[in-house]
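Visitor: here is the input, now give the coordinates:
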Amino acid sequence: MRDLHSHFLPNVDDGAKNIEMTKEMLKLAKNNGVTDILFTPHYILDSRYMSDKKSNEEIMLPIKKFAKEEYGINIFLGNEVYCCLEILSILKAGKIATLNNSRYMLIEIPMHSKMNNVKSIFFELISAGIVPILAHPERYTAYYNDMDFFLELRSMGVLLQINITSLVGEYGGHAKKMAKKLLKANLVSFVGSDIHSSHAKTYECIPKVEKILKKLVDANAFIDITENNFARVVRDEEII
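Guide: Now for the predicted structure:
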């Protein structure tokens, strides 16, 4: 499995606290068959989570080397960007990273309330050549009864990433149900761990998650969601 969404980068957000924890998390990933990981630290404007692209790249450089040499894992850099009106200008200023410098950007929206201008923000990004990937759509409680919202985003060209642990109930029954509903509707393009700590049991659920996925989507979609679409992102290739 390839992991599109994670918080391994040490001491920049609410993820890994130090390099030792990053290494412990990489060991967990290796032991559970994860081969490629996108490090996506939070970027939330006007908050304490505003480490910029340049500083993140500097932190990432030695990690990239030992991740490959010691754990056999390929790692890439991006951000999980909190949606805001200024998102395009922040990108142009070089403060935030798309995923491996591709056209793809991982974006989070408010967890428990609707954001009235989210579609217009996504449209602006798409018009500028950026493909938004909505992080963990199954967790946005305000949209549990609004499937049309996700259908409209997908028709615009927005892609969706679900958290693997949602499928085993970590975020509760509603998130689990929504994740399955999105999968059955063929709206999901990626999975991610959203792992924040070496104490998490996130990667241990991969075998169970793979069985669930295989029941909900066909064989081609399964490979795309768990492997191929990740590769397309880091190679900056088109995803339909």
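
Visitor: helices of this protein, residue ranges please.
Guide: In the chain, the segments counted as helices under DSSP state H are 19-31, 53-71, 87-92, 118-127, 147-156, 173-184, 206-216, 219-223, 229-234.

Visitor: need the winner for burial among those helices.
Guide: helix 229-234 (a mean of 21; mean count of other Cβ atoms under 10 Å). Backbone N, C-alpha and C define where each C-beta goes, glycine included.

Visitor: which other helices and strands contact it?
Guide: Packed against helix 229-234, as judged by 3 or more Cβ pairs under 8 Å, 6 or more residues apart in numbering; DSSP states H and E, are the following elements: strand 2-3, strand 36-39, strand 190-192.

Visitor: dump those strands to a markdown table, plus mean pLDDT.
Guide: Conversion of the helices and strands packed on helix 229-234 to a markdown table gives the following (pLDDT from 0 to 100):
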| stretch | mean pLDDT |
| --- | --- |
| strand 2-3 | 98 |
| strand 36-39 | 98 |
| strand 190-192 | 98 |
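
Visitor: of all the ones you listed, which one is nearest residue 30?
Guide: strand 36-39 (10.2 Å; Cβ to Cβ).

Visitor: who does the closest one touch, helix- and strand-wise?
Guide: Secondary elements touching strand 36-39 (3+ Cβ pairs under 8 Å, 6+ apart): strand 2-3, helix 53-71, strand 74-77, helix 229-234.

Visitor: tell me which of the helices of the chain sits nearest to residue 102.
Guide: helix 229-234 (5.7 Å).

Visitor: alpha carbons of the closest one, in CSV - could you do that?
Guide: The C-alpha trace of helix 229-234 is given here as CSV (Å, rounded to 0.1, in the frame of the first residue of the first chain):
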residue,chain,number,x,y,z
ASN,A,229,-3.0,6.8,-8.3
PHE,A,230,-0.4,7.5,-5.7
ALA,A,231,2.3,6.8,-8.4
ARG,A,232,0.4,9.1,-10.9
VAL,A,233,0.5,11.9,-8.3
VAL,A,234,4.2,11.7,-7.6
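
Visitor: distance from the chain centre to it, please.
Guide: 12 Å (Cα atoms, centre = their mean, to the nearest Å).

Visitor: what do you get for stretch 118-132?
Guide: 17 Å.

Visitor: need the contact partners of it.
Guide: 83-85, 87-88, 91, 98, 103-105, 107, 109, 152-153, 156-159, 239 (Cβ atoms under 8 Å, 6 or more residues apart in numbering).

Visitor: sorry, back to before: is it possible to get TSV of the helices and strands packed on helix 229-234 that adds distance to residue 145 and mean neighbour count?
Guide: Compiled in TSV, the helices and strands packed on helix 229-234 are given as follows (distance: least, Cβ to Cβ, whole Å; neighbours: other Cβ atoms under 10 Å):
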stretch	distance to residue 145	mean neighbour count
strand 2-3	30	26
strand 36-39	31	25
strand 190-192	24	27
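
Visitor: can you lay out those strands as CSV showing distance to residue 231?
Guide: Listed next are those as CSV, based on distance: least, Cβ to Cβ, whole Å:
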stretch, distance to residue 231
strand 2-3, 7
strand 36-39, 8
strand 190-192, 11
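
Visitor: looking at those, which is closest to residue 228?
Guide: Closest among these, using Cβ to Cβ: strand 2-3, at 8.8 Å.
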